[in-house]
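A.B. asks: after the sequence you'll find the predicted model.
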Amino acid sequence: MQVSTTNDVKIYNLSAGKSLPEWLTERKRRQLVKDDIDVRKRIELIQDFEMPAISDRVKVSRDGQYVLATGIYKPRLRCYDLHNLGLKFERCLDSEVVNFEVLSDDYNKVVFLHCDRYVEFHSQSGRYYRLRIPVFGRDMAYHHGTADLYFVGSGSQIYRLNLEQGRFLNSYNTNSPSLNCISIMPSHSLVLSGSVDGRVESWDPRQRERVGVLDCAMQCVSGGEEMTTVPQVTCLAAKDGLNIAVGTSTGQVLLYDVRSSKPVLTKDHMYGLPIKKVVYTEGGEQPMVLSMDSQVVRVWDKENGKPYTSIESTAEFNDLVLYPKSGLMFLANEQPRMQVFYIPSLGPAPRWASFLDSLTEELEESRTATVYDDYKFVTLADLQEMGLDHLIGSPLLRAHLHGYFMDIRLYKKAASAKPANALENMKKNMIKKQIEAQREGRVKIETKVPKVNKDLFIKLKVDEDKDKKKKKNAGDLLEDNRFGALFTDDRFEVDKEDETFRLINPVVSKLDKDKKKEFDRKYGVKESDDEDKNSDDSDIEMEDSDKEAESSDDDQEWTKEVKKEHRNIKSEKVVEKKLNRIQKQDQKLKKISELSKKVHHTFSEVKAGEEFKNVSEKKFKAKKSKLSLEERLEDDSGAGEIVKTETGHVMTFAAERSRQSIKKEQEDKEHREERRQVRRSAKTLKKDKLPPRFWMGKRVR
């Protein structure tokens, strides 16, 4: 169950819940229901209240005991028994259903209007009779008083079929090219028809004549708005003998009094989508109107049009039915699961679902349910970026559409190990390489010394000159193309800030000092102006004389430099720990200051008979371990309760919560919030609709 609040009105989504993947076996499903608390909390008001692909129409029988719904694919009818909260029967049909009507009080007699001009009559045992109408039907209505069935479609006529006589009666000829919808007013049996040119015509079946015409298209056009097409009438609804509601293709709902040609109220959905259904509420504190398009169901006040609440769609809505005299509604939509919503402020729960009044208060869930909560959908590019493309074909990845489903725990581990801003770094490297490629055409001074790992290049170059006579040459590393990126790519550069490198650097720098001088003297490479000043002939002549003096003090200098570097690293670690400690203290003080701002001081009045005590007279409470049992019972009088019986005393105490339990509860709450933000809905994924197949003029699929 999922609860949401819109305009301070609570809306309970009884069809929301954690869904299970289709590829799981029945044994794994039962095990998951047993282990996962989220699956056990899922509430199915009506068991298997869904269709294979999408649902088209949904209706409630007149006795309120059955819900009938049609959908695809294959075209079928499903009947649900509300007293047993489950599926009663399922019946497949030959073609898709445009609309259907329940002729009896229960499910025994149903008539279907199909998309191929056929009209089928079904009884309890199955299809009873089948006939065809002259045009492709769009809507139909049944008048119980005269047993007349009215059809409208792509033609200008309203076709009448009398079920008592079993024959067609004379049609009503309208002035419109085609008709979209039809409705019958329950009080005086006026037949209302909505046309494509924005008109509503009313016919009296007793006189068989047109008694009135409403031009709704002109009322939909405002002063500064330009219309490219004529607004069509897409749906009609009648509340009583005077009030009717008209829905248009431009997303507007017009409320009329049949005694006036101008609308009493105009409500705009602001989406520009056709209105599919308009329903008047029964009972309740104030009269409401429910209007539905493919994106939203809006509930608003009938008197002034003030918005009351709304229900946003996760998939396109197709049909809406409000259970009589209650706040429970059923919605057919473009997904397998049909939606069930409950709004307590519109009306109470039905008698067969009276438990909803208590469940809605106890089992509220704050998070939004998504498809496959424990799985994450990733594409091939995502797998390659995280380095998990080698798992393709293994049980850890389940192929779906253009990507794969993987366990959310594996995804989080891989995402945490992935370097931050990897895509941005890749873009920067590509831009840098392109700029360097453009610079190659410019005139530049060639230098033999690379910029990356310069010290290593100098060492290898000197070793190459010394060992030319030997078979094994150290310079092979410089000539080998496999190691060419070692001196060109920044990723292979030695990190001189690393702790291990800093400890061995004094020894390495001393050993490579002579090689560096020899390399500078031979190749004439000068790094800076200071080296030019210090590279005189006098330094070269004194070099041989200083070698013997320095060799005796090498060991002492190396140990001193290593110890000095070790002390520097240790001091840096101490400073870093202090900074982290100060940062944590600052965060703690900020939290305390924020909590102190939320505290509101209140003044209380001293009641008669109570003794006023000054703040200075208050005594500090002693520890509970030093108090007697009588004093503890007095302190915990609010938490504990003592009940006296004939046999003795029964004492109950409320256990105190430890800090660890409070801390664990807070961590679980933060974990759930973090998990809710990471999830991404996959409800918008749709399967491609397969085209129908025909054999010998009949549809076989």
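C.D. replies: Received the coordinates, thanks.
A.B. asks: residues near residue 387, how many?
C.D. replies: Counted with other C-beta atoms under 10 Å, residues neighbouring residue 387 total 11. In this view, the C-beta of every residue, glycine as well, is placed from N, C-alpha and C.
A.B. asks: so what does the helix or strand containing residue 587 touch, helix or strand wise?
C.D. replies: Following DSSP states H and E, one finds residue 587 within helix 554-598. When contacts are defined as 3 or more C-beta pairs under 8 Å, 6 or more residues apart in numbering; DSSP states H and E, helix 554-598 sits against helix 499-511.
A.B. asks: mean confidence score for the helix it packs on?
C.D. replies: For helix 499-511, the mean per-residue pLDDT is 62.
A.B. asks: in the stretch 201-350 of the chain, where is pLDDT below threshold?
C.D. replies: 222-227, 283-284 (pLDDT under 70).
A.B. asks: do a quick rundown of the strands in it.
C.D. replies: For the stretch 201-350 of the chain, strands defined by DSSP state E, counting those that start in this stretch occupy the ranges 209-215, 233-238, 243-248, 252-257, 265-268, 277-280, 288-292, 296-301, 307-312, 317-322, 328-333, 339-342.
A.B. asks: take these and write them to CSV, including distance to residue 71 and mean neighbour count.
C.D. replies: Formatted as CSV, those follow (distance: least, C-beta to C-beta, whole Å; neighbours: other C-beta atoms under 10 Å):
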stretch, distance to residue 71, mean neighbour count
strand 209-215, 34, 15
strand 233-238, 20, 24
strand 243-248, 23, 25
strand 252-257, 26, 21
strand 265-268, 30, 18
strand 277-280, 17, 21
strand 288-292, 17, 24
strand 296-301, 19, 20
strand 307-312, 20, 17
strand 317-322, 9, 21
strand 328-333, 7, 24
strand 339-342, 13, 24
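A.B. asks: can you tell me which residues contact residue 258?
C.D. replies: Applying C-beta atoms under 8 Å, 6 or more residues apart in numbering to residue 258 gives the contacts 190, 202, 212, 241-244.
A.B. asks: now with 10 Å, please.
C.D. replies: Taking C-beta atoms under 10 Å, 6 or more residues apart in numbering as the criterion, residue 258 is in contact with 185, 188, 190, 192, 200, 202, 211-212, 214, 238, 240-244.
A.B. asks: residue 386 is nearest to which of the strands of the stretch 201-350 of the chain?
C.D. replies: Taking C-beta to C-beta, strand 307-312 is the member of the strands of the stretch 201-350 of the chain nearest to residue 386, at 33.2 Å.
A.B. asks: how far out from the middle of the chain is that closest one?
C.D. replies: Averaging C-alpha positions (C-alpha atoms, centre = their mean, to the nearest Å) puts strand 307-312 19 Å from its chain's average.
A.B. asks: thinking residue 328 is in contact with residue 342, fair?
C.D. replies: Yes - judged on C-beta atoms under 10 Å, residue 328 makes contact with residue 342 at a distance of 5.2 Å.
A.B. asks: joint contacts of the two?
C.D. replies: With C-beta under 10 Å, 6+ apart as the test, residue 328 and residue 342 both reach 12, 14, 45, 348-350, 353, 356.
A.B. asks: which of the residues you listed count as buried?
C.D. replies: For the shared contacts of residue 328 and residue 342, a burial check counting by 16 or more other C-beta atoms under 10 Å picks out 12, 14, 45, 348-350, 353, 356.
A.B. asks: how about those residues in JSON lines, adding distance to residue 181?
C.D. replies: Below are those laid out as JSON lines (distance: C-beta to C-beta, whole Å):
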{"residue": "12", "distance to residue 181": "31"}
{"residue": "14", "distance to residue 181": "29"}
{"residue": "45", "distance to residue 181": "30"}
{"residue": "348", "distance to residue 181": "31"}
{"residue": "349", "distance to residue 181": "31"}
{"residue": "350", "distance to residue 181": "28"}
{"residue": "353", "distance to residue 181": "31"}
{"residue": "356", "distance to residue 181": "32"}
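A.B. asks: of these, closest to residue 591?
C.D. replies: Using C-beta to C-beta, the shortest approach to residue 591 within those belongs to residue 12, at 35.0 Å.
A.B. asks: about what we covered before: in CSV: the strands of the stretch 201-350 of the chain, plus distance to residue 381.
C.D. replies: CSV is the format used below for these (distance: least, C-beta to C-beta, whole Å):
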stretch, distance to residue 381
strand 209-215, 56
strand 233-238, 43
strand 243-248, 44
strand 252-257, 44
strand 265-268, 43
strand 277-280, 42
strand 288-292, 39
strand 296-301, 34
strand 307-312, 31
strand 317-322, 34
strand 328-333, 32
strand 339-342, 34
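A.B. asks: between the ones you listed, which one is closest to residue 5.
C.D. replies: strand 307-312 (8.8 Å).
A.B. asks: what helices or strands is that closest one leaning on?
C.D. replies: Counting contacts by 3 or more C-beta pairs under 10 Å, 6 or more residues apart in numbering; DSSP states H and E, strand 307-312 packs against strand 2-6, strand 9-13, strand 288-292, strand 296-301.
A.B. asks: counting by contacts, list what the first one packs against.
C.D. replies: So that's strand 2-6. Using 3+ C-beta pairs under 10 Å, 6+ apart, strand 2-6 is in contact with strand 9-13, strand 307-312, strand 339-342.
A.B. asks: try the second one
C.D. replies: Using 3+ C-beta pairs under 10 Å, 6+ apart as the contact criterion, the neighbours of strand 9-13 among helices and strands are strand 2-6, strand 296-301, strand 307-312, strand 339-342, helix 356-362.
A.B. asks: again, only this time at 7 Å
C.D. replies: strand 2-6, strand 307-312, strand 339-342 (3 or more C-beta pairs under 7 Å, 6 or more residues apart in numbering; DSSP states H and E).
A.B. asks: how about those strands in CSV, adding distance to residue 663?
C.D. replies: Output for the helices and strands packed on strand 9-13, formatted as CSV (distance: least, C-beta to C-beta, whole Å):
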stretch, distance to residue 663
strand 2-6, 27
strand 307-312, 37
strand 339-342, 36
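A.B. asks: nearest to residue 671, of those?
C.D. replies: For those, proximity to residue 671 was assessed by C-beta to C-beta; strand 2-6 is nearest, at 19.5 Å.
A.B. asks: starting at the chain centroid, how far to the closest one?
C.D. replies: Counting by C-alpha atoms, centre = their mean, strand 2-6 comes out at 14 Å from the chain centroid.
A.B. asks: just checking, residue 299 touches residue 306?
C.D. replies: No - Residue 299 lies out of contact with residue 306 (C-beta atoms under 7 Å); the separation is 10.5 Å.
A.B. asks: what separates residue 70 from residue 51, distance-wise?
C.D. replies: In this view, residue 70 and residue 51 are 8 Å apart by C-beta to C-beta, to the nearest Å.
A.B. asks: wait, I meant residue 415
C.D. replies: Taken as C-beta to C-beta, the span from residue 415 to residue 51 is 36 Å.
A.B. asks: more neighbours: which of those two?
C.D. replies: residue 51 (21 against 14).
A.B. asks: got the phi and psi for that one?
C.D. replies: Torsion angles at residue 51 (phi, psi; degrees, to the nearest 10) stand at phi -120, psi 160.
A.B. asks: residues in contact with the residue lying closest to residue 86 once chain neighbours are set aside?
C.D. replies: Closest residue to residue 86 apart from its sequence neighbours, by C-beta to C-beta, 6 or more residues apart in numbering: residue 47 at 4.5 Å. By C-beta atoms under 7 Å, 6 or more residues apart in numbering, residue 47 lies in contact with 85-87.
A.B. asks: CA atoms of stretch 164-175 as PDB?
C.D. replies: Provided in PDB are the C-alpha atoms of stretch 164-175 (Å, rounded to 0.1, in the frame of the first residue of the first chain):
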ATOM      1  CA  GLU A 164     -37.800  -7.200 -26.100                       C
ATOM      2  CA  GLN A 165     -38.900  -7.400 -29.700                       C
ATOM      3  CA  GLY A 166     -35.500  -8.600 -31.000                       C
ATOM      4  CA  ARG A 167     -35.300  -6.100 -33.900                       C
ATOM      5  CA  PHE A 168     -33.900  -2.700 -34.900                       C
ATOM      6  CA  LEU A 169     -36.200   0.300 -34.600                       C
ATOM      7  CA  ASN A 170     -36.100   3.500 -36.600                       C
ATOM      8  CA  SER A 171     -32.900   5.400 -36.200                       C
ATOM      9  CA  TYR A 172     -32.500   9.000 -35.000                       C
ATOM     10  CA  ASN A 173     -30.900  11.200 -37.700                       C
ATOM     11  CA  THR A 174     -28.600  13.800 -36.300                       C
ATOM     12  CA  ASN A 175     -27.100  16.900 -38.000                       C
END
